[in-house]
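Asker: Here is a sequence with its predicted model. Questions after.
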Amino acid sequence: MHIAVTGNIGAGKTTLASKLAEHFGWEVLFEAVEGNPYLADFYGDMPRWAFHLQIYFLKSRYEQVAQIQKSNKRIIQDRTIYEDAYIFALNLYQSGIMSQNDYDTYKSIFDLMMTTVKAPDLTIYLKADLPKLVNQIQKRGRDFEANISEKYLSDLNQHYEDFVNNYKEGKLLTINVNELDYANNPDDLAFVIDQVDKALLYG
Ligand SMILES: Nc1ncnc2c1ncn2[C@@H]1O[C@H](COP(=O)(O)OP(=O)(O)OP(=O)(O)O)[C@@H](O)[C@H]1O
């Protein structure tokens, strides 16, 4: 079984994936941040590194999908391959940061990969407004994320809304996390676990 957590930068995916994995006894696959050779450079100069970073994330996400599809374990994935293409790469292209040629090349590789990719059985979308995202990004204090603009985050949020509104590939559970603190509040975590339980049972 494949469960995925999806949502904007700072929405709280990594924390939730770990908590759910612990509760349900799932294996967890995180995204490639430590050791990512392009991420810090990308935040310093987006036009220069956008294509490199997208190819790197696509490769690492596809490796995860391949691992999940050949395993019969229950696995929770921190961010999906769909977000790379339909949110991040599309946003970079539409905001003029990634060129037409680079985007077309990227998208044709992605489309080729998608012929072998199955959607997660359940996708959990963590929906958060800008103040929540900004606050959580500041709290974790990664140097390379210090200059992320509100415009970048709000453009991504718009793409997330479009993406979830059109998502038909599998079960989707949306959780508004603006007022939740499942990292520190057991009642909030219990609330989310209950939602996930119900989504798994009844869809
Ligand atoms: N395809 C992509 N294009 C550009 N940046 C990406 C892409 N995928 C991930 N990132 C960035 O890589 C970093 C990943 O960090 P991390 O795994 O902590 O997740 P996050 O998005 O910050 O989420 P959360 O706080 O919800 O766990 C973030 O800066 C994120 O936006």
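Answerer: Nice, thanks for sending it over.

Asker: Please make it C-alpha for all contacts and neighbour counts, starting now.
Answerer: Noted.

Asker: Enumerate every residue touching N91.
Answerer: Contacts for N91 (C-alpha atoms under 8 Å, 6 or more residues apart in numbering) come out as D155, L156, H159.

Asker: With D102 instead?
Answerer: F51.

Asker: and what of the one 10 residues further on?
Answerer: The contact partners of L112, by C-alpha under 8 Å, 6+ apart, come to none.

Asker: Mind pulling up the pLDDT for it?
Answerer: The per-residue pLDDT reported for L112 equals 97.

Asker: which bits of this structure sit near the ligand?
Answerer: Proximity of the chain to the ligand, by C-alpha under 6 Å from any ligand atom, involves residues 8-14, 31, 33, 54, 57, 84, 88.

Asker: Closest one to T105 out of these, please.
Answerer: The closest of the residues of the chain next to the ligand to T105 turns out to be Q54 (C-alpha to C-alpha; 11.0 Å).

Asker: Assumed the closest one was part of a strand.
Answerer: No - under DSSP: H, G, I helix; E, B strand; the rest coil, Q54 sits outside any strand and is assigned helix.

Asker: Not counting sequence-adjacent ones, nearest residue to it?
Answerer: In space, and not counting its chain neighbours, Q54 is closest to A89: 6.7 Å by C-alpha to C-alpha, 6 or more residues apart in numbering.
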